[in-house]
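**Q** Dropping the sequence and predicted coords here.
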Amino acid sequence: MTRQLAGTGTLLRFALRRDRVLIPVWVAVNALMVLSMPKTLKGLYDTPAARADLMHQMATNTSLRAMVGPVFDDSVGALTAWRVGVYAGALAAVMSLLVVVRHTRDEEESGRQELVSSGMVGRRAPLTAALLTAAVANTALCVLIVAGLAGQGAPGAVAFGLGVAGAGMVFATMAAIVAQLTESARLARGLTAAVLGAAFVLRAAGDSASDDGSSALTWLSPLGWLEDLRAFAAERWWVLLLFVAAAALQAVVAYELAGRRDIGMSFLPTRPGPAAGRLGTAGALAWRLQRGSVLGWSTGFFLAGVVYGGMTDGAAGLVGDNAKAREIFQRMGGQSGLTDAFLAAMVGMLGLVAALYVVSSVLRLSAEETSGRAEPVLAAAVGRLRWAAGHLIIAFGGSALLMLLAGLGFAVGYGRQIGPVLGACLLQVAAVWVIGGVAVLLFGVLPRGAVAAWGVAGAVLLIGWIGPALNVPRAVLDLSPFGHLPKLPGGGMEWGPVLVLLGLAAVLVAGGLAGVRRRDLEG
């Protein structure tokens with residue numbers, strides 16, 4: 001067994017060096033989201049009566065409970081775990097699956113793993129190094145959460161930190177299994193993300209059916225385990241054993257599968273595609289590569305629109321006479337009525353998430369280039385700009401499609417103000433395209449630093465999500481392109497900022513394409 005792990009330490013150091021930007025950004029965004037909550041919640045629910053009213057509202061409002069889960073105690077720590085627990089666990093899961101797939105299936109797909117394995121490297125060393133890298137990231141996140149929330153109660157902080165890290169490791173080991181089953185890193189990420197989405201849906205369905213987390217559907221989801229750990233509310237320490245057992249069992253399965261296949265192979269065969277017809281152009285190939293991602297994101301945005309639309313009236317009731325909660329919604333969604341402000345805030349949140357899609361889609365160009373798959377395409381009668389344009393049309397057109405479907409989802413869930421809400425959703429596209437333009441520019445000019453586009457998207461998400469709650473200065477909010485958009489529905493339409501954002505996106509894309517045209521390909 002020792003020989004099969006030879007070289008693990010070296011591969012771990014290499015992986016941490018490669019992820020020296022990716023991991024700190026994800027950890028920082030997640031930790032800041034969690035640690036910003038106590039101060040916000042103290043201001044929002046500063047009296048026992050306000051906290052009691054919140055608990056009553058959540059016990060009776062099934063749609064909001066499906067979104068953020070049940071409340072188990074009225075302390076600031078318990079409210080923090082309630083408000084951000086599910087999302088912190090989900091972000092940790094996304095970070096973990098990206099890290100594991102990157103250092104397993106991505107390495108095999110690019111051919112680097114075969115080169116590395118020709119040296120003194122054990123058969124299971126790459127998988128071990130990938131899981132240890134994910135463990136390092138989740139440990140860092142856990143330490144930050146525990147240190148930041150210790151003032152709310154050390155036992156609760158430890159439980160919450162371990163729960164978030166545990167959720168991350170469950171999906172890290174899940175990704176390790178999927179990476180053995182599939183031949184494509186893209187498919188491995190997509191399937192693991194689909195499992196995460198199913199876990200969120202199960203948790204939401206269970207929480208809507210029960211106000212105390214006792215539903216069987218909740219217990220089927222690792223995100224539900226994080227809730228039922230009940231951090232800061234008479235902790236159930238035994239729930240941590242579920243995370244340990246699931247991660248250990250999945251790790252054993254992943255190791256067993258890794259020992260039964262050749263490098264570059266998989267247990268699920270890849271279906272060969274046609275060489276003509278639909279794949280006769282670079283654009284058709286780009287669509288073939290990204291259609292699964294577009295379909296998954298589109299479904300998610302439509303369902304999110306339905307859910308947010310359905311909870312609009314309930315959210316107004318939850319805020320009630322809480323002036324500070326009303327103020328936060330108005331900072332996020334404008335100074336219109338509370339319902340319009342809530343709709344604008346939710347539309348803006350979906351726009352921030354759409355920025356993650358456009359970065360992911362643009363960076364597909366980087367994956368195609370570094371894996372060597374772009375070179376055979378460009379060796380034919382296909383220019384670099386035409387090759388890049390195929391992927392960029394899907395990235396930028398796909399983001400517009402996501403917001404359109406989100407608007408249609410709001411129409412189904414809310415059923416009123418269809419035109420204004422749909423227009424508000426489409427308005428977000430201008431800011432989303434600016435983030436996409438930044439990704440294109442980085443890919444074209446600094447291809448090895450293209451991953452920094454995730455840092456830009458993460459920073460914008462952090463500003464948009466946490467900034468209004470912390471009442472940060474307007475100058476900080478203006479660092480995000482979303483801060484310059486009109487707050488619709490309810491606010492006044494201003495075309496000037498929208499046109500400026502569209503022009504800026506065009507300039508960024510043009511600069512990136514000029515770089516792609518002039519530089520050497522990365523191998």
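**A** Thanks, I have it.

**Q** Now do the contacts for V99.
**A** A15, D19, L22, I23, A130, T133, A134, A137, A172 (Cβ atoms under 8 Å, 6 or more residues apart in numbering). In short, each C-beta sits where N, CA and C put it, glycine included.

**Q** For the last one, what is the enclosing helix or strand?
**A** It stands for A172. A172 belongs to helix 154-181 when elements are defined using DSSP states H and E.

**Q** go on, the fifth one?
**A** Assigning secondary structure by DSSP H and E places A130 in helix 125-149.

**Q** Can you name the two of the contacts of V99 that sit furthest apart?
**A** By the measure Cβ to Cβ, L22 and A172 form the most distant pair in those, at 14.1 Å.

**Q** Comparing the two, which residue is more hemmed in?
**A** The neighbour comparison of L22 against A172 (other Cβ atoms under 10 Å) goes to A172, with 31 against 19.

**Q** quick one on the thing from earlier: list the buried ones in the helix holding A130?
**A** Residues of helix 125-149 classed as buried: 125-138, 140-142, 144-146, 148-149 (neighbour count, 16 or more other Cβ atoms under 10 Å).

**Q** repeat for stretch 66-74
**A** A66, M67, V68, G69, P70, V71, F72, D73, D74.

**Q** returning to that earlier point: reformat the contacts of V99 as TSV; add distance to V201 and pLDDT.
**A** Shown next, in TSV, are these (distance: Cβ to Cβ, whole Å; pLDDT from 0 to 100):
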residue	distance to V201	pLDDT
A15	32	86
D19	29	85
L22	27	82
I23	28	89
A130	27	92
T133	29	95
A134	24	94
A137	25	95
A172	21	95
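
**Q** Looking at those residues, which one is closest to L408?
**A** L22 (33.6 Å).

**Q** for the closest one, what are its contacts?
**A** L98, V99, V451, W454.

**Q** before we move on, back to that, what helices or strands is the helix holding A172 leaning on?
**A** Helix 154-181 makes packing contacts with helix 76-103, helix 125-149, helix 185-209, helix 222-228, helix 240-258 when contacts are defined by 3 or more Cβ pairs under 8 Å, 6 or more residues apart in numbering; DSSP states H and E.

**Q** Return the alpha-carbon coordinates of stretch 416-425 using PDB.
**A** Extracted in PDB, the C-alpha atoms of stretch 416-425 (Å, rounded to 0.1, in the frame of the first residue of the first chain):
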ATOM      1  CA  ARG A 416     -48.200  39.500 -11.600                       C
ATOM      2  CA  GLN A 417     -46.100  42.300 -13.100                       C
ATOM      3  CA  ILE A 418     -44.900  39.800 -15.700                       C
ATOM      4  CA  GLY A 419     -43.600  42.500 -18.100                       C
ATOM      5  CA  PRO A 420     -41.700  44.500 -15.500                       C
ATOM      6  CA  VAL A 421     -40.100  41.500 -13.800                       C
ATOM      7  CA  LEU A 422     -39.100  39.900 -17.200                       C
ATOM      8  CA  GLY A 423     -37.500  43.200 -18.200                       C
ATOM      9  CA  ALA A 424     -35.700  43.400 -14.800                       C
ATOM     10  CA  CYS A 425     -34.300  40.000 -15.400                       C
END
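
**Q** Now do the same for D520: helix, strand or coil?
**A** Three-state call for D520 (DSSP: H, G, I helix; E, B strand; the rest coil): coil.

**Q** Next, find the distance separating it from L446.
**A** 13 Å (Cβ to Cβ, to the nearest Å).

**Q** In terms of neighbours, single out the busier of those two.
**A** For the pair D520 and L446, the greater number of neighbours falls to L446 (14 against 6), based on other Cβ under 10 Å.

**Q** and that one, what are its phi and psi?
**A** L446 adopts backbone torsions of phi -130, psi 70, taken as degrees, to the nearest 10.

**Q** Now do the same contact list for the closest residue to it other than its chain neighbours.
**A** Sequence neighbours aside, A452 is the residue nearest to L446 in space, at 7.7 Å (criterion: Cβ to Cβ, 6 or more residues apart in numbering). Contacts for A452 (Cβ under 8 Å, 6+ apart) come out as V21, L442, L446.

**Q** Could you rerun that using 10 Å?
**A** Contact analysis of A452 by Cβ atoms under 10 Å, 6 or more residues apart in numbering lists V21, L22, V25, V438, A439, L442, L446.

**Q** doesn't L442 make contact with the first one?
**A** Just to be clear, that refers to V21. No - counting by Cβ atoms under 10 Å, V21 does not reach L442; the two are 11.5 Å apart.

**Q** Now for the two: what residues contact both?
**A** Joint contacts of V21 and L442 (Cβ under 10 Å, 6+ apart) are G449, V451, A452, G455.

**Q** Narrow those residues to those in helices?
**A** Residues of the shared contacts of V21 and L442 located in helices (DSSP state H): A452, G455.

**Q** Give me the next element, helix or strand, following the lowest-mean-pLDDT helix or strand in the chain.
**A** Least confident helix or strand, the chain: helix 323-333 with a mean of 55, by mean pLDDT, DSSP states H and E. Using DSSP H and E, the next helix or strand after helix 323-333 towards the C-terminus is helix 338-362.

**Q** That next one packs against which elements?
**A** For helix 338-362, the contact count by 3 or more Cβ pairs under 10 Å, 6 or more residues apart in numbering; DSSP states H and E identifies helix 282-310, helix 312-319, helix 323-333, helix 384-413, helix 418-445, helix 452-470 as packing neighbours.

**Q** surely L226 meets G69?
**A** Yes - counting by Cβ under 10 Å, G69 is a contact partner of L226 at 8.8 Å.

**Q** any shared contact partners between the two?
**A** Contacts common to L226 and G69, judged by Cβ under 10 Å, 6+ apart, are A81, G85, V86, R203.

**Q** With respect to Q180, which of those is nearest?
**A** If you rank the shared contacts of L226 and G69 by distance to Q180 using Cβ to Cβ, R203 comes first, at 26.5 Å.

**Q** For that closest one, give me its contacts.
**A** The contact partners of R203, by Cβ under 10 Å, 6+ apart, come to 66, 69, 86, 89-90, 213, 215, 217-228.

**Q** Now do it, the pLDDT please.
**A** We note a pLDDT of 87 for R203 in this prediction.

**Q** Next: E235.
**A** At E235, pLDDT is 91.

**Q** I'd like the distance between T139 and V164.
**A** Distance from T139 to V164, by Cβ to Cβ: 11 Å.

**Q** Same check on G148?
**A** Going from G148 to V164 by Cβ to Cβ gives 12 Å.

**Q** which residues do these two both contact?
**A** Common neighbours of G148 and V164, using Cβ under 10 Å, 6+ apart, are A31, V34.

**Q** quick one: low-confidence parts of the stretch 401-523 of the chain?
**A** Where the stretch 401-523 of the chain drops to pLDDT under 70, the residues are 467-472, 491, 522-523.

**Q** let's see it at 80
**A** By pLDDT under 80, the weakly predicted segments of the stretch 401-523 of the chain are 416-417, 449, 451, 462, 464-478, 488-493, 520-523.

**Q** and if you look at the stretch 251-400 of the chain?
**A** Within the stretch 251-400 of the chain, the stretches with pLDDT under 80 are 259-282, 292, 307, 310-342, 367, 370-382.

**Q** how does it look with 50?
**A** 333-335 (pLDDT under 50).

**Q** of V21 and L442, who's got more company?
**A** Taking neighbours as other Cβ under 10 Å, V21 and L442 compare with L442 leading, 25 against 13.

**Q** Indicate which one of the helices and strands packed on helix 338-362 is closest to A159.
**A** helix 452-470 (22.9 Å).

**Q** Could you list the alpha-carbon positions for the closest one in PDB?
**A** Provided in PDB are the C-alpha atoms of helix 452-470 (Å, rounded to 0.1, in the frame of the first residue of the first chain):
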ATOM      1  CA  ALA A 452      -8.600  34.700 -11.800                       C
ATOM      2  CA  ALA A 453     -11.900  35.300 -13.500                       C
ATOM      3  CA  TRP A 454     -13.400  33.200 -10.700                       C
ATOM      4  CA  GLY A 455     -12.000  35.600  -8.200                       C
ATOM      5  CA  VAL A 456     -13.600  38.500 -10.000                       C
ATOM      6  CA  ALA A 457     -17.000  36.700 -10.100                       C
ATOM      7  CA  GLY A 458     -16.600  35.700  -6.400                       C
ATOM      8  CA  ALA A 459     -15.800  39.300  -5.400                       C
ATOM      9  CA  VAL A 460     -18.800  40.600  -7.300                       C
ATOM     10  CA  LEU A 461     -21.000  38.000  -5.700                       C
ATOM     11  CA  LEU A 462     -19.700  38.900  -2.200                       C
ATOM     12  CA  ILE A 463     -20.300  42.600  -2.800                       C
ATOM     13  CA  GLY A 464     -23.900  42.000  -4.100                       C
ATOM     14  CA  TRP A 465     -24.900  39.500  -1.400                       C
ATOM     15  CA  ILE A 466     -23.200  40.800   1.800                       C
ATOM     16  CA  GLY A 467     -22.600  44.500   1.000                       C
ATOM     17  CA  PRO A 468     -26.200  45.800   1.400                       C
ATOM     18  CA  ALA A 469     -26.500  43.800   4.700                       C
ATOM     19  CA  LEU A 470     -23.300  45.400   6.100                       C
END
